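>>> What shape does this take:
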Amino acid sequence: MSTISVRIDENLVSAARLAAKCEFRTVQGQVEFWAKVGRAALDNPDLPASFVAESLMSMAEPREDSLPFAPRSADKA
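Have a look, this model is predicted:
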C-alpha cells in the first residue's frame, strides 16, 4: 500500500492519538478507520454511525475468530 502525507489539524491528531491508544491502533490506523466510517455512514444515511463502525470492525476480524450466528429464542426472553 502506498502512502502520502497530508496536513491534519493538530486537535484531530490529538483526538486520534487518544482513541488509537484505547482501540489498540496506530494514529494513522485510527484516522483511516474514522475516514472509512465516515464514508460508509455517508453512503448509508439511514444507519447509525455506531452500527456502521461496529460492522466495519466485525468485518475486519479474522474469520476463524468468529462465532456462528445463533438467534435468540422467543421463549427465553
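
>>> can you give me the helices in this protein?
Using DSSP state H, the helices assigned to the chain run over residues 10-23, 27-43, 49-60.

>>> So for the shortest one, what gets flagged as buried?
By 16 or more other Cβ atoms under 10 Å, the buried positions in helix 49-60 come out as 52-53. Every C-beta, even on glycine, is put in place using the N, C-alpha and C of the backbone.

>>> Against which helices or strands is that helix packed?
When contacts are defined as 3 or more Cβ pairs under 8 Å, 6 or more residues apart in numbering; DSSP states H and E, helix 49-60 sits against helix 27-43.

>>> From the centroid of the chain, which residue is nearest?
Ala53 (4.0 Å; Cα atoms, centre = their mean).

>>> Could you pull up the residues touching that one?
33, 37 (Cβ atoms under 8 Å, 6 or more residues apart in numbering).

>>> for this structure, what helix or strand is lowest in average pLDDT?
Lowest by mean pLDDT, DSSP states H and E among the helices and strands of the chain is helix 49-60, with a mean of 88.

>>> can you give me the offset of that helix from its chain's centre?
The chain centroid and the centroid of helix 49-60 are separated by 5 Å under Cα atoms, centre = their mean, to the nearest Å.

>>> the inter-axis angle of it versus helix 10-23?
Computed by axes from the mean of the first three to the mean of the last three Cα atoms, to 10 degrees, the angle separating helix 49-60 from helix 10-23 equals 50 degrees.

>>> Measure how helix 49-60 sits relative to helix 27-43, angle-wise.
Here helix 49-60 runs at an angle of 120 degrees relative to helix 27-43 (the same axes, to 10 degrees).
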